[in-house]
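Enquirer: Compute the structure for the input listed below.
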Amino acid sequence: MTLSAFVVDGFRVDVINFVSKVPGLPDASIKQTWREFQPGPRLHEYLQDIGRILKEYNAFSVGEMPCIYDPKEILNAVGFDIQELNMIFHFEIVEMDIGVGGKFTPKQWQLSSLKDIVSKWQSFMIDNDGWNALYLENHD
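Expert: Numbering: from 1, shown residues only. Below is the predicted model of the structure:
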């Protein structure tokens, strides 16, 4: 068996679903969370611009997209024919053990929860010509 080396040129963009802001940059009420400010109104316009540039250089892109749990919404950015991002990091797996007090309070979970999340995302992306990146600890 021989191993061949290859190089992948590309970019990773953090929290890309927050890049587009609501016009006028309104203040949030104390009860609003950062989850309510994404995806912004021009997100896909910006991602299409990025995708066009990266395609010129045959570069790969992976975007970090927290707070999106609907696979159809993510497919809007990573669908094969969309040509915005090639792949995304989502956070559903690493958030399944977050307790009611936030990320520093644990919550019990079952192995079946992990299986359900992985199955949901892998099946959806395979069926819809999209890619996602799975990880268990640190996505960096």
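Enquirer: ok, Asp81 - contacts?
Expert: For Asp81, the residues meeting the contact criterion (CB atoms under 8 Å, 6 or more residues apart in numbering) are Asp129. Where C-beta positions appear, they are placed from N, C-alpha and C, glycine not excepted.
Enquirer: mind checking pLDDT for it?
Expert: Turning to Asp81, the model gives it a pLDDT of 81.
Enquirer: got it, and Leu114?
Expert: In this prediction, Leu114 carries a pLDDT score of 92.
Enquirer: C-terminal to the strand or helix carrying it, which secondary structure element comes first?
Expert: Leu114 belongs to helix 111-127 when elements are defined using DSSP states H and E. Once helix 111-127 ends, the next helix or strand along the chain (criterion: DSSP H and E) is strand 132-133.
Enquirer: Which strands and helices lie in contact with that next one?
Expert: strand 87-89, helix 111-127 (3 or more CB pairs under 8 Å, 6 or more residues apart in numbering; DSSP states H and E).
Enquirer: still on that earlier bit, list the helices and strands the helix holding Leu114 packs on?
Expert: On a contact count with 3+ CB pairs under 8 Å, 6+ apart, helix 111-127 meets helix 71-78, strand 132-133.
Enquirer: Using TSV, please lay out those together with distance to Phe89, mean neighbour count and mean pLDDT.
Expert: Rendered in TSV, the data for these read as follows (distance: least, CB to CB, whole Å; neighbours: other CB atoms under 10 Å; pLDDT from 0 to 100):
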stretch	distance to Phe89	mean neighbour count	mean pLDDT
helix 71-78	10	19	85
strand 132-133	5	18	78
